[in-house]
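In: from the sequence below, what's the structure:
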Amino acid sequence: MAFGGLSFLIYGKLERGKPQLAISPEPLALGKRSSFLLTMEDKGTGLGHYRVTVEQDGRTEVIASEEFPGGLHAIQKELTISAESHGLRDGPALLRVEVRDRAWLGGNSTSLEAKVMVDTVPPVLGIQSKFHYVNQGGSGMVVVQASEPLKWCGVRVGDLWFKGCQMAKENAWIVLFAVPHDAPSRTSIWIEAEDLASNRTKTSFPYSIKPKKFRQDTIRVTQEFLQGILPYFQQRDPSLRGEPQEMFLRINRDHRRESDEKIRALCSQSTGEPLWSGPFSRMPNSKPMAGFADRRSYMWDGKVIDEQVHLGVDLASIAMSPVEAANRGKVIFAGELGIYGNTVLLEHGCGLFSMYSHLSQISVDVGQFLEKGEVLGVTGSTGLAGGDHLHFGILVGGVFVNPIEWWDPHWVKDNVTDKLALITQPSPPPGQSPSGQVGKRAPR
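Out: Coordinates of the predicted model:
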């Protein structure tokens with residue numbers, strides 16, 4: 001038995017299996033301060049030690065080195081490399097990571113080597129789109145040509161962040177952004193980016209926010225209206241109990257907030273290319289019944305009991321009218337959505353979405369691509385609706401914006417199409433302005 005145990009010990013200590021090693025994200029570049037995650041594992045004798053070095057100009061700089069206690073078989077280490085602290089200059093270098101196990105005769109080792117570029121200079125952002133007139137409650141687009149490849153690029157509007165979309169042209173990005181309907185006219189807007197070495201830059205660009213006055217509306221909440229909508233919501237929310245007025249307020253406040261939060265979550269991810277083309281179409285033969293950002297006061301028994309903002313356009317036509325996709329896009333949601341009832345959400349790429357609500361029927365599935373004009377459902381009065389109509393919305397980065405802009409061919413040409421052309425045309429000679437300068441007209 002003793003000899004057998006010794007054989008097992010010798011076999012274990014002489015194991016030939018090498019430890020596993022991974023680094024993420026891939027170390028393409030080292031900046032002023034770059035962080036990576038090392039994952040090390042050895043299922044046999046366990047981990048012995050690891051060492052990280054950077055070689056440059058014939059000099060080897062030890063970044064990290066550590067001995068592991070016995071019995072440790074897996075660990076993750078966060079690795080931070082500061083080019084300045086380790087005396088690295090901008091230019092090529094060799095990053096080497098080695099991990100050894102606790103086997104006899106020096107142990108088994110696994111190493112990773114990567115040719116990296118040390119880069120401590122932030123990227124330079126060239127703003128190709130020269131004019132950015134944005135309506136309060138409206139959309140804007142900025143076109144960026146970076147001096148080098150970027151990890152990300154985006155626009156910050158106050159506290160809101162709008163992620164950019166990398167285009168086919170080298171180091172070219174577009175960013176669709178929104179100015180919320182309640183944003184102050186002096187809201188700050190700037191562009192931020194980070195290169196592959198984690199160097200960040202922040203740049204201003206010319207813009208002007210045009211204040212808009214939105215309509216005030218009064219809605220009388222009647223017993224007849226409540227008798228029509230309460231059973232719908234009670235069936236879906238068994239906890240909805242109490243006096244009719246109390247239940248209505250819960251629906252109009254809590255359910256509305258929950259619905260909008262779900263919409264923002266659905267619109268938090270987007271594909272990296274524009275799927276749409278040209279202006280969006282409006283439901284044919286329809287009459288607008290309510291506008292974007294209408295300030296609604298809800299009256300009960302002659303008193304205001306609630307106030308909300310209507311974040312879309314209500315369009316009414318013949319009952320049970322077909323509803324078409326306003327532009328090419330992908331279905332990311334098709335089903336019941338709180339106060340909006342049966343709803344379809346289309347993603348159009350680069351953070352742009354359209355929304356179709358209160359439908360009586362849905363005829364598409366999640367993941368399906370629709371061309372402009374394809375039928376996706378039928379109008380109805382599901383959710384918090386007083387009659388058959390379509391609630392149509394446009395969102396940029398999860399923020400509701402005025403759909404009228406996206407219906408307007410002139411606005412779309414000036415603010416979107418012509419700007420996209422800036423990065424599909426050849427670059428101008430140094431010192432000259434890009435051809436097709438756009439945005440000279442104020443928003444309509």
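
In: next helix or strand past the helix or strand bottoming out on mean pLDDT in the chain?
Out: Lowest by mean pLDDT, DSSP states H and E among the helices and strands of the chain is helix 2-13, with a mean of 42. Using DSSP states H and E, the helix or strand that directly follows helix 2-13 along the chain is strand 20-24.

In: parallel or antiparallel, list what pairs with that following strand.
Out: Next to strand 20-24 in the sheet, as set by DSSP bridges, lie strand 34-41 (antiparallel).

In: tell me the gap between the partner strand and the middle of its chain.
Out: 26 Å (C-alpha atoms, centre = their mean, to the nearest Å).

In: what comes into contact with the helix or strand following it?
Out: As assigned by DSSP H and E, the chain's next helix or strand after strand 34-41 is strand 47-56. With contact meaning C-beta atoms under 8 Å, 6 or more residues apart in numbering, strand 47-56 is reached by 19, 30, 38, 40-41, 60-68, 72-75, 77, 79, 81, 86, 88-89, 91-102, 107, 116, 118. C-beta here means a position set from N, CA and C on the backbone, and glycine is covered the same way.

In: in strand 47-56, what counts as buried?
Out: Across strand 47-56, burial judged by 16 or more other C-beta atoms under 10 Å covers 47, 48, 49, 50, 51, 52, 53, 54, 56.

In: now, among the residues you listed, which is nearest to residue 236?
Out: residue 47 (53.1 Å; C-beta to C-beta).

In: and the closest residue to that closest one other than its chain neighbours, what does it touch?
Out: Using C-beta to C-beta, 6 or more residues apart in numbering and skipping the chain neighbours, the partner closest in space to residue 47 is residue 68 (4.5 Å). When contacts are counted by C-beta under 8 Å, 6+ apart, residue 68 touches 46, 47, 48, 49, 50, 75.

In: adding pLDDT, write the buried residues of strand 47-56 out as TSV.
Out: Formatted as TSV, those follow (pLDDT from 0 to 100):
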residue	pLDDT
47	95
48	95
49	95
50	96
51	96
52	96
53	96
54	96
56	96
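
In: quick one: the helices in the stretch 151-300 of the chain, in order.
Out: Using DSSP state H, counting those that start in this stretch, the helices of the stretch 151-300 of the chain run over 223-236, 244-249, 256-266.

In: so where is the stretch 1-150 of the chain shaky, pLDDT-wise?
Out: In the predicted model of the stretch 1-150 of the chain, residues 1-16 satisfy pLDDT under 70.

In: distance check, the residue nearest to residue 47 against residue 106.
Out: Between residue 68 and residue 106 the computed distance is 15 Å (C-beta to C-beta, to the nearest Å).

In: what about the closest residue to residue 249 other than its chain neighbours, neighbour count?
Out: The shortest distance from residue 249 to any non-neighbouring residue, by C-beta to C-beta, 6+ apart, is to residue 306 (5.9 Å). Counted with other C-beta atoms under 10 Å, the neighbours of residue 306 add up to 17.

In: you'd agree residue 306 is in a strand?
Out: Yes. The assignment for residue 306 is a strand, going by DSSP: H, G, I helix; E, B strand; the rest coil.

In: report pLDDT for it.
Out: Looking at residue 306, its pLDDT is 96.

In: which residues sit in contact with it?
Out: Contacts for residue 306 (C-beta under 8 Å, 6+ apart) come out as 249, 252, 253, 297, 298.

In: hmm, the first one is touching residue 304, no?
Out: Spelled out, it's residue 249. No. Look at residue 249 against residue 304 with C-beta atoms under 8 Å: they stay out of range, at 11.9 Å.

In: more neighbours, the two?
Out: Using other C-beta under 10 Å as the criterion, residue 249 and residue 304 rank with residue 249 on top: 17 against 10.

In: the more buried one and residue 256, how far apart?
Out: 10 Å.

In: same check, this time on residue 145
Out: For residue 145, the distance to residue 256 equals 41 Å [C-beta to C-beta].

In: repeat for residue 41
Out: 49 Å.

In: same check, this time on residue 226
Out: 16 Å.

In: quick one, which of these two is more surrounded?
Out: Higher neighbour count among residue 226 and residue 256: residue 256, with 19 against 16, using other C-beta under 10 Å.

In: how about that one, what does it touch?
Out: Per C-beta under 8 Å, 6+ apart, neighbours of residue 256: 308, 338, 339, 384.

In: from those, which two are the most distant?
Out: 308 and 338 (13.4 Å).

In: neighbour-wise, which of these two wins?
Out: Using other C-beta under 10 Å, the more surrounded residue of residue 308 and residue 338 is residue 338, with 23 against 15.

In: skip the chain neighbours and tell me the closest residue to that one.
Out: residue 259 (3.2 Å).

In: quick check: the one you found touching residue 337?
Out: Yes. Counting by C-beta under 8 Å, residue 337 is a contact partner of residue 259 at 5.8 Å.

In: mind listing what the nearest residue to residue 273 once chain neighbours are set aside touches?
Out: Using C-beta to C-beta, 6+ apart and skipping residues adjacent in sequence, the residue nearest residue 273 is residue 349, 5.2 Å away. Taking C-beta under 8 Å, 6+ apart as the criterion, residue 349 is in contact with 165, 270, 271, 272, 273, 274, 275, 276, 329.

In: how close does residue 349 get to residue 128?
Out: 19 Å.

In: now residue 404
Out: 26 Å.

In: what does residue 166 give?
Out: 14 Å.

In: do the same with residue 270
Out: Distance, residue 270 to residue 128, using C-beta to C-beta: 21 Å.

In: equivalent analysis for residue 262, please.
Out: 36 Å.
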